[in-house]
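Enquirer: pasting the sequence and the predicted coordinates here, then a few questions.
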Amino acid sequence: MAAVILRGAGWDGETTVAQLSLRGIKKRFRDTAVLHGIDLEIGDREFVVFVGPSGCGKSTLLRLIAGLDPITEGEFVLNGTRMNDVAPSRRGIAMVFQSYALYPHMNVYENMAFGARLMGLEKPEVERRIAETAAMLRLEPLLKRKPRELSGGQRQRVAIGRALVRKPDVFLLDEPLSNLDAALRSEVRLEIAKLHREIGGTMIYVTHDQVEAMTLADKIVVMNNGRIEQVGSPRDLYETPANTFVATFIGSPRMALVDVTRDGNRLVVANGGALAPGALPAAETLKLGLRPDAVHLSRGQGSEGLSARVEYTEYLGDNAYVYVRLVDGTLLSARTTPNDLYAPDEAVTVSLTPGAAHYFSAEDGRRLNP
Ligand SMILES: Nc1ncnc2c1ncn2[C@@H]1O[C@H](COP(=O)(O)OP(=O)(O)OP(=O)(O)O)[C@@H](O)[C@H]1O
């Protein structure tokens, strides 16, 4: 079979455009308001990842885009056309679910053919598309097998293949890797990234997994309680989180927040010492945000810095995280080398890597960096 090379311009060089606008989207299930007004622009061929705590409304938003549930209020516009009342099958959108949802009595070929036939495609076109998709996803040896004769990763590839055969303009993936073990997750993750480069479609992907979000996304949408907290590139969100929610949600181990009071150019922690990290915002009281690479530890009680005690150490082979507790009870993590380990309960002094501190309002958690 000839190799299928699809680069950037959609399938077989066909150019499709898929630009989505969500405008003031609200969703209520009877009396329960789940989405409170979502405004979001998704560009053609963008890979957008929705993240947020369980129950924040990620899957609901995806289902509204797919047309599986009606939009209560607001507008969903695809390439300039209002889609609110367009049937799911006519939206040019395909969804891949966490559960795969393959038909157990059909083999892989039939599973992939089913949706394409429903679209009314002629048999030769269905065959051509399946051959193309099977080559791309390495499914050719499996076409005659039933889903129960496949591994989890293979089933997931079939579920993705079934969506691909429809040649959607927009791809929705709802936690597609959550049923896979760690090794398979990273393998299929790489395949999805490659697929996106090759077919060039617009993809919207829901996940709980930080690594998936950071590695796959052009743009991450952080949701909380039915609202968007921030939209940005993985780097934007990591380096300039808009508020304490995003700051502590993105990054692992999570950013610690320390309550501090400003005294001139120093930041004072209640009964626990002070830091002089350079330029500071004007507010009197602040939350100081520290990621593990911002925290520097030295042994013993120093005259400058914050007093802390070691709680425990996580050794990870190439590096280690040391968790220390400040006098005010805040737990911080510091990244150290595997050669620089600390004993539980050891007294240490915390200082900061210059320029690595984040500042947030003590009142509303907004970013305040000078
Ligand atoms: N059909 C429904 N009827 C009533 N409430 C619903 C319905 N579907 C979802 N919800 C509620 O809407 C909220 C958002 O659910 P949703 O599944 O969108 O969250 P999620 O962010 O995808 O969560 P998870 O990460 O756990 O999958 C939840 O509180 C859920 O209970």
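Expert: Now that the structure is in, tell me what you want to look at.

Enquirer: contacts and neighbour counts: CA atoms only from here.
Expert: Fine.

Enquirer: for Ala94, give the beta-bridge partners.
Expert: Beta-bridge pairing of Ala94 under DSSP bridges involves Phe171.

Enquirer: can you pull the contacts of it?
Expert: Contacts here follow CA atoms under 8 Å, 6 or more residues apart in numbering; on that basis Ala94 touches Ala66, Ala163, Leu164, Arg166, Pro168, Val170, Phe171, Leu172.

Enquirer: apply 10 Å and report the result again.
Expert: 66, 88, 115, 160, 162-173, 203 (CA atoms under 10 Å, 6 or more residues apart in numbering).

Enquirer: now Gly43
Expert: Taking CA under 10 Å, 6+ apart as the test, what Gly43 contacts is Val17, Ala18, Gln19, Leu20, Ser21, Asn79, Thr202, Met203, Lys219.

Enquirer: who wins on neighbours among those residues?
Expert: With neighbours defined as other CA atoms under 10 Å, the most crowded of the contacts of Gly43 is Met203; it has 27 neighbours.

Enquirer: let's see which of the contacts of Ala94 end up in helices.
Expert: Among the contacts of Ala94, the subset assigned to helices under DSSP state H consists of Ala66, Gly115, Ile160, Arg162, Ala163, Leu164, Val165.

Enquirer: tell me the residues of this protein that contact the ligand?
Expert: If contacts are counted using CA under 6 Å from any ligand atom, the residues of the chain sitting beside the ligand are Phe29, Val34, Pro53, Ser54, Gly55, Cys56, Gly57, Lys58, Ser59, Thr60.

Enquirer: most neighbours out of those, which is it?
Expert: Using other CA under 10 Å as the neighbour definition, those reach their maximum at Lys58, which records 27 neighbours.

Enquirer: between the residues of the chain next to the ligand, which is nearest Leu150?
Expert: When the residues of the chain next to the ligand are compared for distance to Leu150 (CA to CA), Ser59 comes out closest, at 26.5 Å.

Enquirer: does that closest one sit in a helix or strand, and which one?
Expert: Following DSSP states H and E, the helix or strand that holds Ser59 is helix 58-66.

Enquirer: off-centre distance for that helix?
Expert: 15 Å (CA atoms, centre = their mean, to the nearest Å).

Enquirer: which residue sits closest to the closest residue to the ligand within the stretch 151-300 of the chain, ignoring its sequence neighbours?
Expert: Relative to the ligand, the nearest point of the stretch 151-300 of the chain is His208 (6.6 Å; CA to the nearest ligand atom). Nearest-residue entry for His208: Val51, 6.1 Å, with adjacent residues in sequence omitted and distances by CA to CA, 6 or more residues apart in numbering.

Enquirer: just put the residues of the chain next to the ligand in JSON lines and tack on pLDDT.
Expert: As requested, these are arranged in JSON lines below (pLDDT from 0 to 100):
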{"residue": "Phe29", "pLDDT": "95"}
{"residue": "Val34", "pLDDT": "97"}
{"residue": "Pro53", "pLDDT": "93"}
{"residue": "Ser54", "pLDDT": "92"}
{"residue": "Gly55", "pLDDT": "93"}
{"residue": "Cys56", "pLDDT": "95"}
{"residue": "Gly57", "pLDDT": "96"}
{"residue": "Lys58", "pLDDT": "95"}
{"residue": "Ser59", "pLDDT": "93"}
{"residue": "Thr60", "pLDDT": "95"}
